[in-house]
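S.K.: just coords:
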């Protein structure tokens, strides 16, 4: 009896200090909330790309593309482009990276002074577009 209580207590202590397991459980709850349409949970999950290691890239990619497809946030579009370009959370795909870089730049231009991008960020995107176009042989513009 005493041994089983001791084991139960010890397991609760181990679980309390297992921060990685608690973090995974929290991200799983956020994934469920995001699947049910919670926009805050979607943004929290896509930010895992910057905040966590490669273990969470696939989850971050899933929600980055979901939010980017809404077409309202050029920063998220840029993140999708970078993830495709680097192969983080998804197989590397230069065609899709180019598409998302172009979408991010287009939205930035349409937003004008309301765009969250700095001049340096816009220049970076233009450079990436040029490099990818050259790499893919699409410099006929």
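M.R.: Yes, it's here. Just so it is clear, the model here is predicted, and its values are computed rather than measured. Numbering: from 1, shown residues only.
S.K.: residue 124: which element?
M.R.: Residue 124 belongs to helix 119-136 when elements are defined using DSSP states H and E.
S.K.: and that helix, which residues are buried?
M.R.: The neighbour-count check on helix 119-136 (16 or more other Cβ atoms under 10 Å) flags 121, 122, 125, 128, 129, 132, 133 as buried. In short, each C-beta sits where N, CA and C put it, glycine included.
S.K.: what sits closest to the last one if chain neighbours are left out?
M.R.: Think residue 133. residue 139 (5.0 Å; Cβ to Cβ, 6 or more residues apart in numbering).
S.K.: circling back: helices or strands next to the helix holding residue 124 in the packing?
M.R.: helix 74-86, helix 94-111 (3 or more Cβ pairs under 8 Å, 6 or more residues apart in numbering; DSSP states H and E).
S.K.: now tell me what touches the helix or strand in which residue 66 is found from outside.
M.R.: Assessed by DSSP H and E, residue 66 sits inside helix 57-68. Identification of contacts with helix 57-68 by Cβ atoms under 8 Å, 6 or more residues apart in numbering yields 27, 31, 34, 42-43, 45-49, 52, 73, 76-77, 79-80, 83, 88-90, 100, 103.
S.K.: now do the end-to-end distance for stretch 58-77.
M.R.: Using Cα to Cα, to the nearest Å, the end-to-end distance of stretch 58-77 comes to 16 Å.
S.K.: just the buried residues of it, please?
M.R.: Neighbour-count burial for stretch 58-77 [16+ other Cβ under 10 Å]: 59-68, 73-77.
S.K.: ok, now stretch 97-106?
M.R.: So, applying 16+ other Cβ under 10 Å, buried residues of stretch 97-106: 97, 98, 99, 100, 101, 102, 103, 104, 105.
S.K.: which helix or strand in this structure has the lowest average pLDDT?
M.R.: helix 2-17 (a mean of 70; mean pLDDT, DSSP states H and E).
S.K.: what's the following helix or strand past that helix packed up against?
M.R.: Using DSSP H and E, the helix or strand that follows helix 2-17 in sequence is helix 19-35. Where contact means 3+ Cβ pairs under 8 Å, 6+ apart, helix 19-35 is packed against helix 39-46, helix 57-68.
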